[in-house]
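Undergrad: Here is a sequence with its predicted model. Questions after.
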Amino acid sequence: MAFRTQRSAAGCAENSAFSIPCSFAYAPRMSLDHRFPTIADLRRAARWRIPRYLWGYLEGGAGNEGAARRTAEALDRITLSLGMLAGEPKADLSTELLGRRYDLPVGIAPVGMSGAVWPDAEALLARTGAVKNVPYAMSTVAAATPETVGPKAGDTGWFQLYAPSTPEIRQDILKRAKAAGFHTLVFTIDVPVLSRRPRELRQNLENPMKITPRILLQSAIAFPWALGMLGRPIPRPVIFDPYLDQANQGKEHKHVGLALRATPDRAYLRALRDEWDGPLIIKGVLEPRHAADLIEDGADAIWVSNHGGRQFEAAAAPIARLPLIREAVGPDYPLICDGAVRSGTDVLRMIAMGADFVFLGRAFHYGLAAAGRAGAEHVLHILSEEMRIDMAQMGIDRPAEARGRAHSV
Ligand SMILES: Cc1cc2nc3c(=O)[nH]c(=O)nc-3n(C[C@H](O)[C@H](O)[C@H](O)COP(=O)(O)O)c2cc1C
């Protein structure tokens, strides 16, 4: 069998998630499409390349993970109506949202400590967003600063905010995000307290992370991850470094939790609205009755989400609430949705049920772990190919034409 050095897949070139000598990087001569035809294939490959304790962090949900299961099952139950004699397909996937045109109605969702799950993930995903012209939303609790990641995102960078504990910290973070080039703010409101995630508890994951023999062993076994991490500091939410003294008032063990977790209310949201002069999106909404208040308080878009099933065991599947929220906000108000999207078909299902734009969180990390930045780009390739094919089946040229074309079984 012919072997060659596969630069994009295994990591010695620009696309790589980490830098290893090319001699380590032999892979069979097969395109990513043949190796990973679906996101499920990327996930299978990623599983053994990410240490077990971090896999638990990435995959885990709240409680018995009922919300995570329900989210996937509800999406799977949606069928889409076929077109008939629609003529030559002329698919155009580009979609406008909040005054910008993106190449796909798809974005990269904020994932805290992304750079622990895969080395340098924030920078790699920001670059993916810029190269493919899709939004990349950087988490507040990223393992990198906005100053290093913002320039990589070009003009596709969004910044996700968890409520900092004081107005001073909040204002400074907003100023830094803006200066780093992030133009759209996502305010996440579905984390009033930290949730209980049994997979993380079982793995004994702590913040800050403690290096135990078990963690060392699991890290070493995940060889590609370990190589990528060589020489890097232990990942932590570095954005808070300048504020720890202030928030912890001289306590010996500086704790990020104290710089964060002001449980926000509507007055907090209005203050935030006054301080941010770009588009403001509220993430973590599942109730149609909340929409009017959020719009009144200045939300430019609503992001329907249950945080990937990570916060509330009894949370509804976002796809199940989406049509009701669409009804509450009217046909033209921008709605984003996420949760268990693993194919282009799933993207169209969400659009059919009322979304304008769809985000994925875990899937991009499967891509990174399976094949570096090329793997993250491959996720977008899979989604767009599947969307094109499905749109031809549906007899539509633009994703937005899928609106209302859903049935539920
Ligand atoms: C490991 C992990 C960390 C996350 N961290 C954040 C975060 O920091 N901020 C946030 O708003 N959402 C966070 N989310 C939720 C995602 O933005 C998104 O809502 C969710 O992942 C969508 O589900 P999916 O992973 O099935 O695509 C996180 C999700 C995962 C899996």
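TA: Perfect, thanks for sending it. Residues are numbered from 1 along each chain as shown.

Undergrad: Point out the other helices and strands that the host helix or strand of Leu294 packs with.
TA: For Leu294, the host element (DSSP states H and E) is helix 288-296. Using 3 or more CB pairs under 8 Å, 6 or more residues apart in numbering; DSSP states H and E as the contact criterion, the elements in contact with helix 288-296 are strand 280-285, strand 301-304, helix 318-329. For the C-beta atoms, the positions are set from N, CA and C on the backbone; glycine is no exception.

Undergrad: ok, now which ones touch Ala352?
TA: Each residue near Ala352 by CB atoms under 8 Å, 6 or more residues apart in numbering is listed here: 78, 80, 402-406.

Undergrad: Would you mind listing what in this structure touches the ligand?
TA: By CB under 6 Å from any ligand atom, the residues of the chain that approach the ligand are 57-58, 109-112, 139, 141, 160, 188, 283, 305, 307-308, 310, 338-341, 360-363.

Undergrad: Show me those that map onto strands.
TA: Residues of the residues of the chain next to the ligand located in strands (DSSP state E): 160, 188, 283, 338, 360.

Undergrad: out of those, who's nearest Arg47?
TA: Using CB to CB, the shortest approach to Arg47 within these belongs to Leu360, at 17.2 Å.

Undergrad: The nearest residue to that closest one once chain neighbours are set aside: how many residues sit nearby?
TA: Once flanking residues are discounted, Leu360 sits nearest to Val341: 5.0 Å by CB to CB, 6 or more residues apart in numbering. Residues near Val341, counting by other CB atoms under 10 Å, number 28.

Undergrad: Settle this for me: Val341 is touching Phe364, isn't it.
TA: No: contact between Val341 and Phe364 fails when scored by CB atoms under 8 Å: they sit 10.9 Å apart.

Undergrad: Next, the contact list for the spatially most central residue of the chain, please.
TA: Residue closest to the average C-alpha location in the chain (CA atoms, centre = their mean): Ala109, at 2.0 Å. Going by CB under 8 Å, 6+ apart, Ala109 touches 137, 338, 359-361, 364.

Undergrad: Buried residues of the helix holding Leu294, list them for me.
TA: Buried residues in helix 288-296, counted by 16 or more other CB atoms under 10 Å: 288, 291, 294-295.

Undergrad: Return the closest of these with respect to the ligand.
TA: The closest of these to the ligand turns out to be Leu294 (CB to the nearest ligand atom; 15.4 Å).

Undergrad: quick one, what contacts the residue nearest to Ile325 when sequence neighbours are not counted?
TA: Spatial nearest neighbour of Ile325, excluding adjacent residues (CB to CB, 6+ apart): Pro288 at 5.0 Å. Going by CB under 8 Å, 6+ apart, Pro288 touches 321, 324-325, 327-328.

Undergrad: Show me how the protein divides into domains.
TA: 1-30, 60-195+260-408 (automatic domain parsing).

Undergrad: and those, which is most packed in?
TA: Across these, averaging neighbours per residue (mean count of other CB atoms under 10 Å) puts domain 60-195+260-408 on top, at a mean of 20.

Undergrad: Test my guess that Ala316 contacts Leu286.
TA: Yes: applying CB under 8 Å, one finds Ala316 in contact with Leu286, separated by 5.3 Å.

Undergrad: for this structure, what's the longest helix?
TA: Among the segments of the chain that qualify as a helix by DSSP state H, the longest is helix 362-394.
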